[in-house]
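Q: My questions concern the predicted model and sequence given below.
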Amino acid sequence: MSDHHSSKDRTGLYREEALAEIQESLARWGRDYPRERERLDKFTTLSGLTLSPLYTPASNARIDYRRDLGFPGQEPFTRGVYQTMYRGRTWTQRQLGGYGPPEETNKRYRFLLAAGAGGVNGVFDYPTLRGYDSNDPEAFADAGRGGVAVDTLEDMQTLFEGIPIDRISVSLVTCQPICNISIQSMYFAMAKARGLSLHDLAGTSQNDFLMETAVSIAPRVSPPRVAFKLSCDAIEFCARYAKRWNPVSFAGYNYREAGCNAWQEVALVMANALACIEEMLRRGLRIDDFAPRLSFFFSAHSDFFEEVCKYRAARRLWSRLIQERFRPENPRSGALRFHVQTAGVALTAQQPLNNIARAAYHAMSAALGGAQSVHVDGFDEALCTPTELASLTALRTQQILQLETRITHTIDPLAGSFFVEHLTEEMEKHIARLIDEIDGRGGVVKAVEEGWVHRIISDSAYEYQQAVESGEMPLVGVNCHRMEEEPYRPEIFAVPETLAVQEAKLRRIRAERDSGRAWQALDDIRRCAERDGNLMEVIVEAVKARVSEGEISKVLKDFYGTWNPPLF
Amino acid sequence: MNRKIRVIIARLGLDAHWRGSVVVARALRDAGLEVIYLGNQMPEAIVRAAVEEDPDAVGLSSLSGNHMVLAPMVLEGLRREGLENTPVVLGGTVPPEDEAILKKKGVAGVFGPGSSLREIVEFVSRCAEEADEVEPDVSGRTAGEAADAGRSKEQPTEEEGKVL
């Protein structure tokens, strides 16, 4: 036997002597490597890391197996957060759905569940996300667009009519805390009305304050500190009353869609999560009470290996950060669980069927990166809300990946690749460096207030577009392999009539409801804000008085004021 | 033109898609245009900004599907204020059928996903310069009169310009 245990504590991947010999041969091989015969001046990842022609054991010389890779289900979770990973349970096929009035979206949920989807992923329309009722003068043109319209508890009941929320997990894409505080409360009130205990509910709400203040920004949103407070109120509420619910899903996906590169996506997510943890500790919770329920949401973009390594690096770094900063007793507090959506921004309106191939590669990177749940975009993503056919094809793409390719049969199959381990290290370094920078700026809330977050996102978006424009970033059908005539024109999804439907309901509810009780409920919310109490505790009760989301938001906006983010 | 071309960029309604409008705004600015970026706005606020700022063009962004409701309201508002000469350019996810209708209503250009920044910058600059050539100070007419005189039969009537 060789002396590969040169030190008792170290579990390096290669013997020192072997590494030295490989280094030497590599140098010889590199000396007469004909650079001039390469296709490009520079080979980089999508986010701009320069790649070598070849990776070898020498690229992994610093890796210590136990410290850096370990075993699935154990710290630092590089190889996965569960011991059995997809051999035990494959990722949840969680296709996004939402459009028009709740009656219509309910049909799509039932359709997807009947077709084998494992969970519901409900997205809300623009007015709901911004805290407006469907018929608000600011909102009427967007009612039912981009998601489903929910104005009152009754809409929430309609949305989940006949769906067994005690048996399947439900994701509420509430995006902004101003939306989440009402919508999640309505969901909980709906569950209670069904006789369920909140502790039995499995699911996730997005509830990310950066979504309100730094991504998809608009004038007159909640000030960053208020959006952050509203988000934290939901986290605290769930830690106390809904222990299986993931009260926040840090939406790196959306930061990426807005322009971030791969490590900015992860660093912003983590800086956000670290700030939430500190706030929860300040409110008197213990790290292990809530950290295992923090969940993350990432994009799967077009650079296959960069994405796989991003997920692996994120898991490792999160585990380390939690260990170093908060010393939890439960190792699950540092286990980073995440949902992935394939990158909408990578899809094209030109030759839209090509998007089926793109999204399949994206989804494969998520699977090889150990995602807990996945949404695959519809091929018509760049054109409209997905049609039933596009949704079904996306679901089938997941099923083919899970059932036919057999990539699920062994855990973390790309581990040990010289390239993958090297790139995982590089990604971790870049993410950690940016987190340090955000810390140095006084944390993520301050970085948002000062417009720094907006600036880095917009800079990256602009660089990306310049690369597409110059052809440096090939995009089939857009800057190469273009066609004058589209070979196939997909059906464009028509959003069902929403405004009239919702307006009629709102009018009826306002006429029918006990006005005294409704006004009392809104007053309770105001008083809770005045004493800086936990708003979700009050709103969960208030929605039973049939007050609308718009009415609740108005109370909050009147009390807290609004903020105009740096727009550009 | 002796001053910089001035462009207003706004996202229609509550549309959350931010990237396209920001990237186009930066490209216009880098090309030497003056950009007033309004973020999300309803038509009334966009028209009010146009009255106050007297832009050479108005750029609207919509990826939420609200373009058929709100873009005509912007056109109508500009017309009401005598600013029908100010070209309106729309970017976002606009199906071809909608594009044809909106152009008939008076939208000067529509740029969908995959459009090149260079083309957008050239188009906006050209539109703004062409509009400038029929500015009223040449003849002493108001902008509205100049536009009425220059309006061809193909241009939308008030009736057609109404909200869908």
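A: Received the coordinates, thanks. Being a predicted model, the structure only gives us computed values, none of them experimental.
Q: Residue A:10 contacts residue A:61, correct?
A: No: under the criterion of CB atoms under 8 Å, residue A:10 makes no contact with residue A:61, lying 11.8 Å away. The C-beta positions use only the backbone N, C-alpha and C, and glycine is treated the same way.
Q: Between the two, point out the one with more neighbours.
A: residue A:61 (16 against 12; other CB atoms under 10 Å in any protein chain shown).
Q: Which residue, neighbours along the chain excluded, lies closest to the more buried one?
A: The shortest distance from residue A:61 to any non-neighbouring residue, by CB to CB, 6 or more residues apart in numbering or on different chains, is to residue A:19 (5.4 Å).
Q: element containing that neighbour, please.
A: helix A:16-31 (DSSP states H and E).
Q: what's the burial count for residue A:161?
A: 13.
Q: quick one: contacts of the helix or strand residue A:358 falls within?
A: Element membership of residue A:358, judged by DSSP H and E, is helix A:354-368. Outside of helix A:354-368, the residues within contact range by CB atoms under 8 Å, 6 or more residues apart in numbering or on different chains are A:86, A:91, A:298, A:300-302, A:304-305, A:307-308, A:311, A:340, A:342-343, A:346-348, A:374, A:376-382, A:393-394, A:397-398, A:400-402, A:405, A:407-408, A:412-414, A:476-477.
Q: could you redo the last one with a cut-off of 6 Å?
A: By CB atoms under 6 Å, 6 or more residues apart in numbering or on different chains, the residues outside helix A:354-368 that reach it are A:300, A:304, A:307-308, A:340, A:342-343, A:347, A:374, A:376-377, A:379, A:397, A:401, A:407, A:414, A:477.
Q: Using just helix, strand and coil, how would you label residue B:10?
A: Of the three states, residue B:10 takes strand under DSSP: H, G, I helix; E, B strand; the rest coil.
Q: how close does the spatially closest residue to it that is not a sequence neighbour get to residue B:94?
A: For residue B:10, ignoring the flanking residues on the chain, the nearest one in space by CB to CB, 6+ apart is residue B:38 at 4.1 Å. Remark: distance between residue B:38 and residue B:94 (CB to CB, to the nearest Å) = 20 Å.
Q: With neighbour numbers in mind, choose between the two.
A: Ranked by neighbour count (other CB under 10 Å), residue B:38 and residue B:94 place residue B:94 first, with 25 against 20.
Q: which residues touch that one?
A: The contact partners of residue B:94, by CB under 6 Å, 6+ apart, come to B:67, B:110, B:112.
Q: what ranges do the strands span in chain A?
A: Secondary structure of chain A, counting by DSSP state E: strands at A:92-93, A:96-97, A:119-123, A:169-173, A:203-205, A:245-246, A:249-251, A:295-300, A:338-342, A:373-375.
Q: Distance to residue A:149 for the ones you listed - can I get that in TSV?
A: Shown next, in TSV, are these (distance: least, CB to CB, whole Å):
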stretch	distance to residue A:149
strand A:92-93	25
strand A:96-97	14
strand A:119-123	11
strand A:169-173	14
strand A:203-205	18
strand A:245-246	23
strand A:249-251	21
strand A:295-300	23
strand A:338-342	22
strand A:373-375	21
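Q: residue ranges with poor pLDDT in the chain?
A: Assuming you mean chain A. Applying pLDDT under 70 to chain A flags the ranges A:1-8, A:568.
Q: should've been chain B
A: Those would be B:1-2, B:134-164, if you go by pLDDT under 70 across chain B.
Q: run the last query once more with 90
A: Residue ranges of chain B with pLDDT under 90: B:1-3, B:16, B:18, B:128-164.
Q: need the residues of it near chain A, please.
A: Contact residues, chain B versus chain A (CB under 6 Å from any CB of the partner chain): B:13-14, B:16, B:18-19, B:22-23, B:25-26, B:37, B:39-40, B:42, B:64-66, B:69-70, B:93, B:95, B:112-114, B:116-117.
Q: give me that answer again for 8 Å
A: B:11-19, B:22-23, B:25-27, B:35, B:37-42, B:64-66, B:69-70, B:93, B:95, B:97, B:112-114, B:116-118 (CB under 8 Å from any CB of the partner chain).
Q: and those, which are buried?
A: B:11-19, B:22-23, B:25-27, B:35, B:37-42, B:64-66, B:69-70, B:93, B:95, B:112-113, B:117 (16 or more other CB atoms under 10 Å in any protein chain shown).
Q: Mark which of those are part of strands, please.
A: Those of these lying in strands (DSSP E): B:11, B:12, B:35, B:37, B:38, B:39, B:40, B:41.
Q: Now name the helix or strand holding the residue nearest to residue B:44 when sequence neighbours are not counted.
A: Nearest non-adjacent residue to residue B:44, counting by CB to CB, 6+ apart: residue B:77, 6.5 Å away. Assessed by DSSP H and E, residue B:77 sits inside helix B:67-80.
Q: Output that helix as CSV - backbone C-alpha positions only.
A: Provided in CSV are the C-alpha atoms of helix B:67-80 (Å, rounded to 0.1, in the frame of the first residue of the first chain):
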residue,chain,number,x,y,z
HIS,B,67,-49.7,46.5,-24.4
MET,B,68,-53.0,46.3,-26.2
VAL,B,69,-54.8,48.1,-23.3
LEU,B,70,-52.1,50.7,-22.3
ALA,B,71,-50.1,51.6,-25.4
PRO,B,72,-53.2,53.0,-27.2
MET,B,73,-54.0,55.0,-24.1
VAL,B,74,-50.6,56.6,-24.3
LEU,B,75,-51.1,57.5,-27.9
GLU,B,76,-54.5,58.9,-27.2
GLY,B,77,-53.1,61.0,-24.3
LEU,B,78,-50.3,62.4,-26.4
ARG,B,79,-52.8,63.3,-29.1
ARG,B,80,-55.0,65.0,-26.6
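Q: quick check: angle from it to strand B:34-41?
A: 130 degrees (axes from the mean of the first three to the mean of the last three CA atoms, to 10 degrees).
Q: which residues in the stretch 201-350 of chain A form helices?
A: A:209-213, A:224-241, A:252-258, A:262-282, A:287-290, A:304-326 (DSSP state H, counting those that start in this stretch).
Q: Report all helices and strands that the longest one contacts.
A: If you count contacts as 3 or more CB pairs under 8 Å, 6 or more residues apart in numbering or on different chains; DSSP states H and E, helix A:304-326 packs onto helix A:262-282, strand A:295-300, strand A:338-342, helix A:354-368, helix A:418-440.
Q: my read: residue A:180 touches residue A:232, true?
A: No: using CB under 8 Å, residue A:180 is not in contact with residue A:232; the gap is 11.1 Å.
Q: Among those two, which residue is more densely surrounded?
A: Shown here are residue A:180 and residue A:232; by other CB under 10 Å, residue A:180 has more neighbours (32 against 25).
Q: what about residue 57, neighbour count?
A: No chain in the question, so chain A it is. Residue A:57 is flanked by 19 other residues according to other CB under 10 Å.
Q: nope, chain B please
A: Close neighbours of residue B:57, defined as other CB under 10 Å, add up to 27.
Q: Repeat that for residue A:84.
A: 11.
Q: Show me what the longest helix along chain B packs onto, helices and strands only.
A: Scanning chain B for the longest helix, with DSSP state H as the assignment, gives helix B:117-133. Packing partners of helix B:117-133 (3+ CB pairs under 8 Å, 6+ apart): helix A:452-470, helix B:19-30, strand B:57-62, strand B:88-92, strand B:109-111.
Q: Distance to residue A:272 added to these, as a markdown table?
A: Below are the helices and strands packed on helix B:117-133 laid out as a markdown table (distance: least, CB to CB, whole Å):
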| stretch | distance to residue A:272 |
| --- | --- |
| helix A:452-470 | 10 |
| helix B:19-30 | 20 |
| strand B:57-62 | 26 |
| strand B:88-92 | 28 |
| strand B:109-111 | 33 |
